[in-house]
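Peer 1: Pasting the sequence and the predicted coordinates here, then a few questions.
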Amino acid sequence: MNPFSRGKWLALLCLLPFAVFFIIFQIAPLAWVAIHSLQAESGWGLDNFSKIFASKFYRQAIQHSLEISFWSSLFGILIAVLGAYSLQRVDSRLRDFVNAFANMTSNFSGVPLAFAFIILLGFNGALTLALKQAGLIEDFNLYSKTGLIILYTYFQIPLGVLLLYPAFDALREDWRESAALLGANAWQYWRHIGLPVLTPALLGTFVILLANALGAYATVYALTTGNFNVLPIRIAALVAGDISLDPNLASALAIILVGLMTLVTLVHQWLLKRSYHVAR
């Protein structure tokens with residue numbers, strides 16, 4: 001056996017534990033969910049999906065999940081772009097501190113995050129009362145869709161900063177200087193050089209933030225005790241609920257969630273290819 005073939009087989013052998021792990025914990029559960037999504041009281045078929053799309057309640061859950069995920073990801077990535085760009089322009093010690101802080105706060109979610117927001121922005125929260133006394137707001141409901149968008153945006157920002165910060169290293173300072181020497185202003189530089197270079201990273205980060213928000217469960221459950229209608233809450237209620245226990249319908253909802261993420265990923269790939277063609 002030649003050395004190249006031996007190295008190839010050794011690499012495949014080293015990959016085997018990961019492949020087994022991936023099949024057991026990723027492929028097998030997904031296959032189980034897909035199979036059970038096609039099982040209903042009437043037998044095999046698409047009855048679960050028909051029930052979901054015929055129900056205004058479940059359609060509302062899908063709509064709320066998409067709206068909260070989209071707007072929180074959009075606001076999160078806009079703030080993260082400003083933060084990541086600013087980190088490139090500050091002192092290295094401050095940059096290291098902010099990076100460490102962003103890394104820590106990106107894991108601050110679930111019950112602690114919900115509790116912190118209740119203290120700050122709940123009906124009697126410290127910040128809510130201060131804003132009311134200042135006359136800046138009349139009424140604010142943290143437990144509404146707007147409140148959840150603000151909450152989701154909070155934990156999207158640190159993740160966005162961590163993902164986008166390395167992308168700004170691709171922007172070389174001599175490109176800016178060359179553009180300035182050729183008469184380009186700041187807007188022209190970002191339009192023709194900066195944004196085309198950053199577009200793949202921006203699109204990829206947006207998709208990750210969208211997936212992060214679509215699958216979020218612990219935070220919204222802790223904040224609303226499961227009373228707000230989003231897909232993860234509905235899936236959990238059908239799996240572990242005391243009243244409406246229907247694992248097969250929960251599987252169908254999970255498949256719809258997977259389908260939404262697949263669609264977002266395909267659109268991301270299409271936009272990515274288009275951005276490469278435009279850049280050329």
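Peer 2: That came through fine. All figures in this text were calculated on a predicted structure; none of them were measured in a lab.
Peer 1: helices or strands up against the helix or strand hosting L163?
Peer 2: For L163, the element it lies in under DSSP states H and E is helix 145-164. Contacts defined by 3 or more CB pairs under 8 Å, 6 or more residues apart in numbering; DSSP states H and E place helix 145-164 against helix 56-87, helix 92-105, helix 111-121, helix 195-214, helix 218-224. (Each C-beta comes from the backbone N, C-alpha and C, glycine too.)
Peer 1: out of those, which comes closest to L162?
Peer 2: helix 92-105 (5.5 Å; CB to CB).
Peer 1: From start to finish, how long is stretch 39-50 in a straight line?
Peer 2: Terminal residues of stretch 39-50 are spaced 12 Å apart (CA to CA, to the nearest Å).
Peer 1: Disregarding residues adjacent in the polypeptide, which is nearest to S73?
Peer 2: Nearest non-adjacent residue to S73, counting by CB to CB, 6 or more residues apart in numbering: L209, 3.9 Å away.
Peer 1: picking up where we left off before, how about JSON lines for the helices and strands packed on helix 145-164, with mean pLDDT, distance to I256 and mean neighbour count added?
Peer 2: Listed next are these as JSON lines, based on pLDDT from 0 to 100; distance: least, CB to CB, whole Å; neighbours: other CB atoms under 10 Å:
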{"stretch": "helix 56-87", "mean pLDDT": "91", "distance to I256": "7", "mean neighbour count": "19"}
{"stretch": "helix 92-105", "mean pLDDT": "78", "distance to I256": "31", "mean neighbour count": "13"}
{"stretch": "helix 111-121", "mean pLDDT": "87", "distance to I256": "25", "mean neighbour count": "16"}
{"stretch": "helix 195-214", "mean pLDDT": "86", "distance to I256": "11", "mean neighbour count": "19"}
{"stretch": "helix 218-224", "mean pLDDT": "87", "distance to I256": "18", "mean neighbour count": "20"}
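Peer 1: Just send the ones you listed back as TSV, with distance to L253 too.
Peer 2: Output for these, formatted as TSV (distance: least, CB to CB, whole Å):
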stretch	distance to L253
helix 56-87	7
helix 92-105	30
helix 111-121	23
helix 195-214	12
helix 218-224	15
